[in-house]
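1. pasting a predicted model and its sequence here:
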Amino acid sequence: MVEQKDWVVDMATKLQSYDPVQESIAWKSRSIYKVPSNLINLSKTNAYTPEMVSFGPYHHGRPQLMPMEEHKQRALFHFLRRASITLEDVVDCIKQVEQQLVNHYDEPPAVIAPSSFAKTMVIDGCFMLEILRMRKGTGDYSPSDPIFSSHGMLYALPYIKRDMLMLENQIPLLVLDRLVAVETSKPRSEEGHVHRLVTDFFSVRPLSRGGGEGLGMHVLEVFRRGLIEGRPAGLPHPPSEEPELIVRSAVELYEAGIRFKKSKTRSLRDIDFKHGVLRLPRITVDDTAESMLLNLMAYERMHVGAGNEVSSYVSFMDTLIDSAKDVAMLQSKGIILNALGSDKAVAKLFNELSREVTIDPSSKLGEVHRRLGRYSTQKHNMWRANLIHTYFRNPWAILSLVAAVVLLALTIAQTVYSALGYYHDLKN
């Protein structure tokens, strides 16, 4: 009974301080999440865990990532000396927006360790800024530097890039914006400057101006927008009342008369099906593809309003890819660039990524999916597919069919010749 009264008193106190407006603001600010266990269990790899460097508080201090802390400090020193500013200047500019930065994280401030939060943002922010500038070069690092050199670009940078695209391993872009501002002695960095650093570094399409989205949330979010940039999302399609149609694999669609072509852009939105031609954007599948796609899909699932373009794309590719033959066919059309080596490995990758992921039926891709289903179930296309599947799958079947056609033609010719001879005899 006492416990119940204590609970009632506790809840009454919380109710008095409860502010729905502030709650709404807090939800809108959150963009960096801890991936829930039910998503992690779907992956057989450490796709959500950094291997070389931590960014932000979630993985800070892990023993296997500590060797990179020394290089982070060196990056900070180079940044300060090049800009001729003091550490106090940098810390002050981060402290001014510290609460905004804390609000980006899903974990409560107590877990983030407020005492060291600003320090982590400064050190990790300077290191990330220096990494993003690596390709253009800063000129003040030694040629023998293990990270900021041609050697580092070859051996360290691929792992750092992979870690920078993990949902739990993000820092708000506001940190980079403030660092560039204090570096240039301006209130804010140049509009779009931070975005260009990210899109140039990851070789994705630059973000269009005037989109009204302002400064991005973090590197992963800007990278995702770069992947889908270039084609409008299209108007939402009303839910269809027709029964769900099964879309066949790429090889079976090809046998049904559908042609595959590479889209003009690499935007994941640039998928269309018209006049029997399915156009798909080119994608490179390498060692980092699984981790990248899983983290993008996790972000879409966790962040309200993020969209589901990447998740829908992965689900759509899974419908097209059942086996290594489908991968080989798409590769021959320039749609898949296979850097994994094995077509079977690429097929397995998409089949495993798409678990518990579906295509948004109201999206443009959902409409493409329905059009493909209707086309492949038309009777004349099904007959064509069955004919090819039965008689043109291997050379021996083709030879047998040709031999049968020739034999039938000879039989008909012989019959006609005999009939003509018989008619001629009767006439005489």
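-> That came through, no problem.
2. going by C-alpha atoms from here, please, whenever you check contacts or count neighbours.
-> OK.
3. would you map the helices across the stretch 1-150 of the chain?
-> Using DSSP state H, counting those that start in this stretch, the helices of the stretch 1-150 of the chain run over residues 2-17, 20-29, 37-40, 67-83, 87-95, 98-103, 109-112, 114-132, 150-155.
4. helix or strand for the residue nearest the centre of the chain, which one?
-> Geometric centre of the chain, nearest residue: residue 293, 4.1 Å, by CA atoms, centre = their mean. Assigned by DSSP states H and E, residue 293 falls within helix 289-302.
5. now whatever helix or strand comes next after that helix against helix 289-302, angle please.
-> The helix or strand immediately downstream of helix 289-302 is helix 309-320, counting by DSSP H and E. Helix 309-320 runs at 120 degrees relative to helix 289-302, counting by axes from the mean of the first three to the mean of the last three CA atoms, to 10 degrees.
6. which parts of helix 309-320 are buried?
-> 309-320 (16 or more other CA atoms under 10 Å).
7. after it comes which helix or strand?
-> Taking DSSP H and E, what comes next after helix 309-320 is helix 324-332.
8. so what does that following helix touch, helix or strand wise?
-> In terms of contacts (3 or more CA pairs under 8 Å, 6 or more residues apart in numbering; DSSP states H and E), helix 324-332 is packed against helix 250-255, strand 336-338, helix 343-353.
9. what lies in contact with it?
-> 249-251, 260, 320-321, 336-338, 343-347 (CA atoms under 8 Å, 6 or more residues apart in numbering).
10. tell me the mean pLDDT over that helix?
-> Averaging pLDDT along helix 324-332 gives 95.
11. can you list the buried residues in that helix?
-> 324-331.
12. same question, stretch 295-308
-> 295-302, 308.
13. picking that back up, so what's the residue nearest to the centre of the chain closest to, chain neighbours aside?
-> residue 310 (7.5 Å; CA to CA, 6 or more residues apart in numbering).
14. what's near enough to touch the one you found?
-> Applying CA under 8 Å, 6+ apart, the residues near residue 310 are 268, 293, 296-297, 300.
15. and the helices in the stretch 151-300 of the chain?
-> Using DSSP H, counting those that start in this stretch, helices in the stretch 151-300 of the chain cover 157-164, 173-184, 193-202, 219-228, 250-255, 289-302.
16. state the distance from the residue nearest to residue 71 when sequence neighbours are not counted to residue 319.
-> Of all residues not flanking residue 71 in the chain, residue 147 sits nearest, at 7.6 Å (CA to CA, 6+ apart). As judged by CA to CA, to the nearest Å, residue 147 and residue 319 stand 41 Å apart.
17. which stretches of the stretch 201-350 of the chain aren't confidently modelled?
-> 208-213, 231-245 (pLDDT under 70).
18. if we use 90, what do you get?
-> 203-216, 229-248, 255-257, 275-276, 305, 340-341 (pLDDT under 90).
19. hang on, the earlier thing: can you flag the buried ones in the contacts of helix 324-332?
-> 249-251, 260, 320-321, 336-338, 343-347.
20. closest to residue 134 among those residues?
-> residue 337 (26.0 Å; CA to CA).
21. what about the nearest residue to the closest one once chain neighbours are set aside, how many residues nearby?
-> The shortest distance from residue 337 to any non-neighbouring residue, by CA to CA, 6+ apart, is to residue 284 (4.6 Å). Using other CA atoms under 10 Å, residue 284 is surrounded by 13 other residues.
22. for the buried residues of helix 309-320, which one is nearest residue 135?
-> residue 310 (27.2 Å).
23. circling back to that earlier point, can you redo the helices of the stretch 1-150 of the chain as CSV with mean pLDDT and mean neighbour count?
-> Formatted as CSV, these follow (pLDDT from 0 to 100; neighbours: other CA atoms under 10 Å):
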stretch, mean pLDDT, mean neighbour count
helix 2-17, 73, 10
helix 20-29, 70, 12
helix 37-40, 81, 12
helix 67-83, 96, 16
helix 87-95, 95, 17
helix 98-103, 93, 18
helix 109-112, 59, 12
helix 114-132, 93, 20
helix 150-155, 92, 14
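24. now those in a markdown table, with distance to residue 358?
-> Converted to a markdown table, these look like this (distance: least, CA to CA, whole Å):
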| stretch | distance to residue 358 |
| --- | --- |
| helix 2-17 | 39 |
| helix 20-29 | 25 |
| helix 37-40 | 15 |
| helix 67-83 | 39 |
| helix 87-95 | 40 |
| helix 98-103 | 31 |
| helix 109-112 | 34 |
| helix 114-132 | 34 |
| helix 150-155 | 37 |
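25. and of these, who's closest to residue 224?
-> helix 114-132 (16.5 Å).
26. with just CA atoms, put that closest one into CSV.
-> Extracted in CSV, the C-alpha atoms of helix 114-132 (Å, rounded to 0.1, in the frame of the first residue of the first chain):
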residue,chain,number,x,y,z
PRO,A,114,27.9,15.9,-19.4
SER,A,115,31.2,16.6,-17.8
SER,A,116,33.2,15.4,-20.8
PHE,A,117,30.6,16.0,-23.5
ALA,A,118,32.0,19.3,-24.8
LYS,A,119,35.5,17.9,-24.8
THR,A,120,34.4,14.9,-26.9
MET,A,121,32.6,17.2,-29.4
VAL,A,122,35.6,19.4,-29.8
ILE,A,123,38.1,16.6,-30.3
ASP,A,124,35.9,14.4,-32.5
GLY,A,125,34.7,17.4,-34.5
CYS,A,126,38.2,18.6,-35.3
PHE,A,127,39.2,15.1,-36.3
MET,A,128,36.2,14.6,-38.5
LEU,A,129,36.7,18.0,-40.2
GLU,A,130,40.3,17.2,-40.9
ILE,A,131,39.3,13.8,-42.3
LEU,A,132,36.7,15.4,-44.6
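27. and it, what does it pack against?
-> Partner elements for helix 114-132 (3+ CA pairs under 8 Å, 6+ apart): helix 67-83, helix 87-95, helix 173-184, helix 193-202.
28. against residue 308, how distant is residue 373?
-> In terms of CA to CA, residue 373 sits 21 Å off from residue 308.
29. residue 363 now?
-> Residue 363 is 9 Å from residue 308, by CA to CA.
30. ends of stretch 312-328, what's the gap?
-> 22 Å.
31. that one: how far from the chain's middle?
-> 15 Å (CA atoms, centre = their mean, to the nearest Å).
32. start at 47 instead
-> Done: numbering now begins at 47, and the last item shifts to stretch 358-374.
33. burial check on the nearest residue in space to residue 98 that is not next to it in sequence, number of neighbours?
-> Distances taken as CA to CA, 6+ apart place residue 111 nearest to residue 98, at 5.6 Å, with adjacent residues excluded. Other residues within reach of residue 111, judged by other CA under 10 Å, total 15.
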